[in-house]
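Sequence and predicted structure below; questions after.
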Amino acid sequence: MNSHGSPGREACDRLVADLVVEALTERGISAPDADDLVGNAELRSLDIALLGLNSLDWTALASRIEEASGTEIPDQVLVRPESRCVAGWGEAVFAARNLVPEKTNAHEKKGWDA
């Protein structure tokens, strides 16, 4: 956690990666390992459309990420291919998490204490 009590960037990327793998698996699509989605620079920045998820899948995935993190991902991050990846969505969650006032304990309310 950083000095503001929010999860670090890698934890945010990991949350996104775990949920991407879950979404792919639910659709019957062969999924890379979540560790690879975080640790491999090429996979980390790969548009999730190229992994096999369509626009309806992105919307559902974004809702899961927002619910799990207690944040909102900006629309432009969701739709721009260069941002629609583990790195882009992880950065958006990280940025939003650091805007949540410490006194609200939002990460505890959502049960996410990564």
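Nice, I can see it.

alpha carbons only for contacts and neighbour counts from here, please
OK.

May I see the buried residues of the one helix or strand Thr59 maps to?
Thr59 belongs to helix 55-69 when elements are defined using DSSP states H and E. For helix 55-69, the buried set under the neighbour-count rule, 16 or more other CA atoms under 10 Å, comprises Asp57, Trp58, Leu61, Ala62, Arg64, Ile65, Ala68, Ser69.

Can you list the helices and strands that the helix or strand immediately after it in the chain packs against?
For helix 55-69, the succeeding helix or strand toward the C-terminus, using DSSP H and E, is helix 75-79. Counting by 3 or more CA pairs under 8 Å, 6 or more residues apart in numbering; DSSP states H and E, the packing neighbours recorded for helix 75-79 are helix 86-97.

Could you tell me the angle between the helix it packs on and helix 55-69?
Compare the direction of helix 86-97 with that of helix 55-69 by axes from the mean of the first three to the mean of the last three CA atoms, to 10 degrees and you get 40 degrees.

Could you list the low-pLDDT ranges of the protein?
In the prediction, the chain carries residues with pLDDT under 70 at positions 1-7, 100-114.
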